[in-house]
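**Student:** no letters, just coordinates:
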């Protein structure tokens, strides 16, 4: 899409209006639009993979936290588990909006919906990944505390 001219798919995700989406599509041309369409359809498989992985990672992290008595991490895990699945759901709706915009349908609603969903997706993913990283740091700290010097 960048080879065809214009922003990448993330720029399209945040177009926010029919007018801006049309500008991006014009910059891409037919070849870039075909690449975007293929990317969006392939993204559905990627969504299933990352949402599934992050959901399972959050479950495992919450269970580890429970076994180690990390109460705050257990409570945070209660929220982190559905966050990964919700991020995937927002991503799927976002892609549907972008596909509509690519086909010149959906007016201002399709790009706006995609932008709103992309914003929620990225926020939820950031929170979920932060939960996993904090847990990893806690594990490393606990491991260092038990290693004799």
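**Tutor:** That came in fine, so what should we check first? A quick note: this is a predicted structure, and the numbers were derived from the prediction, not measured.
**Student:** residue 27: neighbouring residues, count only.
**Tutor:** Per other C-beta atoms under 10 Å, the neighbour tally for residue 27 reads 17. For glycine as for every other residue, the C-beta is placed from the backbone atoms N, C-alpha and C.
**Student:** give me the distance between it and residue 48.
**Tutor:** Per C-beta to C-beta, to the nearest Å, residue 27 is found 30 Å from residue 48.
**Student:** helix, strand, or coil at residue 113?
**Tutor:** Assigned by DSSP: H, G, I helix; E, B strand; the rest coil, the conformation of residue 113 is helix.
**Student:** the lengthiest helix in the chain - what's its average pLDDT?
**Tutor:** If you go by DSSP state H, the chain has its longest helix at helix 18-68. Average pLDDT, helix 18-68: 95.
**Student:** just checking, what packs against that helix?
**Tutor:** Here helix 18-68 touches helix 9-13, helix 71-102, helix 109-146, going by 3 or more C-beta pairs under 8 Å, 6 or more residues apart in numbering; DSSP states H and E.
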